[in-house]
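Engineer: What would the 3D arrangement of this be:
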Amino acid sequence: MVIQGRKRFALLLAAQDSDYVKKVYGGYYNVFVETLGDEGDKWDTFRVVEGDFPSMDDLEKYDGFVISGSPHDAHGHEDWVLELCILLQTLFDMQKKVLGICFGHQILCRALGGKVARSCSGWDIGVRRVKFIEDFHFSIFLSTDYDQRIIPPTLSIIECHQDEVWEVPSGARVLAHSEKTGVEMFTFGENILGIQGHPEYNKDILNNLIDRLHSNNSIDIVFVENAKLQLMEAEPDTESWQRICKGFLKRDMIHIW
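Structural biologist: Numbers count the residues shown, from 1 in each chain. A predicted model of the protein is given here:
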């Protein structure tokens, strides 16, 4: 297994930048590239939520695609959501690497034949402990010591969602779950990876998002207080999730089971 030199990726943004993220981080583009990028990478941004999609003629030049989270429903019928489903089906047929985060995880599932809907247990906001299936392993590094590094049986990740995957596509495999969500992570072959949580978020970003959800009456003050208290007491395993995502996107071959 080798990692090739320079890689080119497309970030498919399914959300508008909040004023806070723009001011503090320069936008979600910077948040994602800080998490997933390496020196020498090239990242192009397409704001699919605004109808900005890559040309079909340009898809071949990308080594991988990342779909962001979104306040929109992955089970909705907005024009851009339906167009995104068609794009993801095309990328699947082309065997392109696609990583879906939160909404991205859900829309990948929908596009490839699975089922997505509202969670029966309501919002999941905070740091959630995710449990991997027993035989899960992921090649992360090229060095001999880490070439077949075993991921710990559980990892914590930041979550913020009220929808979830109910059923993965036929042929896909569930890799992780939590006490709140049945499909925290799934894969479809060697080129599709969905993660329900947010490897790119930090607690500062989530705290601001909690405030915005409260201000638009999506969650009540009791929920806010409990979520912020839980955030003070837990830490996400950011580095491990970063390694999983980068290992998936940047290896020429991956072994997931």
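Engineer: Just the strands from the stretch 1-150 of the chain, written as ranges.
Structural biologist: 8-12, 42-46, 64-67, 97-101, 115-118, 124-132 (DSSP state E, counting those that start in this stretch).
Engineer: how about the second one: buried residues?
Structural biologist: The neighbour-count check on strand 42-46 (16 or more other CB atoms under 10 Å) flags 43, 45-46 as buried. C-beta here means a position set from N, CA and C on the backbone, and glycine is covered the same way.
Engineer: would you list those residues in JSON lines and tack on distance to Gln242?
Structural biologist: Shown next, in JSON lines, are the buried residues of strand 42-46 (distance: CB to CB, whole Å):
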{"residue": "Trp43", "distance to Gln242": "15"}
{"residue": "Thr45", "distance to Gln242": "19"}
{"residue": "Phe46", "distance to Gln242": "22"}
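Engineer: which one of those residues sits closest to Asn202?
Structural biologist: Trp43 (19.3 Å; CB to CB).
Engineer: hmm, back to that, out of the strands of the stretch 1-150 of the chain, which is closest to Gly189?
Structural biologist: The nearest among the strands of the stretch 1-150 of the chain, by CB to CB, is strand 97-101 at 10.4 Å.
Engineer: tell me what that closest one is packed against?
Structural biologist: With contacts defined as 3 or more CB pairs under 8 Å, 6 or more residues apart in numbering; DSSP states H and E, strand 97-101 has these neighbours: strand 64-67, helix 79-93, helix 103-111, strand 192-195, helix 238-250.
Engineer: Quick one: mean pLDDT for it?
Structural biologist: The average pLDDT within strand 97-101 is 97.
Engineer: what about Ser240, neighbour count?
Structural biologist: 18 (other CB atoms under 10 Å).
Engineer: Could you do Val183 as well?
Structural biologist: 23.
Engineer: so what's the closest residue to it other than its chain neighbours scoring on pLDDT?
Structural biologist: Nearest residue to Val183 in three dimensions, chain neighbours excluded: Val165, at 3.9 Å (CB to CB, 6 or more residues apart in numbering). At Val165, the predicted lDDT confidence score is 96.
Engineer: buried stuff in the helix or strand containing Val165?
Structural biologist: Take DSSP states H and E as the rule and Val165 turns out to sit in strand 163-167. Neighbour-count burial for strand 163-167, counted by 16+ other CB under 10 Å, picks out 163-166.
Engineer: And for stretch 69-85?
Structural biologist: 69-75, 80-81, 84-85.
Engineer: The residue nearest to Val183 pairs with what?
Structural biologist: Val116 (DSSP bridges).
Engineer: Next up, the contacts around it.
Structural biologist: By CB atoms under 8 Å, 6 or more residues apart in numbering, the contact set of Val165 is 105-106, 109, 114-116, 182-183, 186, 194, 196.
Engineer: Compare these and tell me which is most surrounded.
Structural biologist: With neighbours taken as other CB under 10 Å, the top of the contacts of Val165 is Gln196, carrying 33 neighbours.
Engineer: Pull the contacting residues for it.
Structural biologist: 102, 105-106, 159, 161, 164-165, 181, 183-185.
Engineer: Can you report phi and psi for it?
Structural biologist: Main-chain dihedrals, Gln196, degrees, to the nearest 10: phi -70, psi -40.
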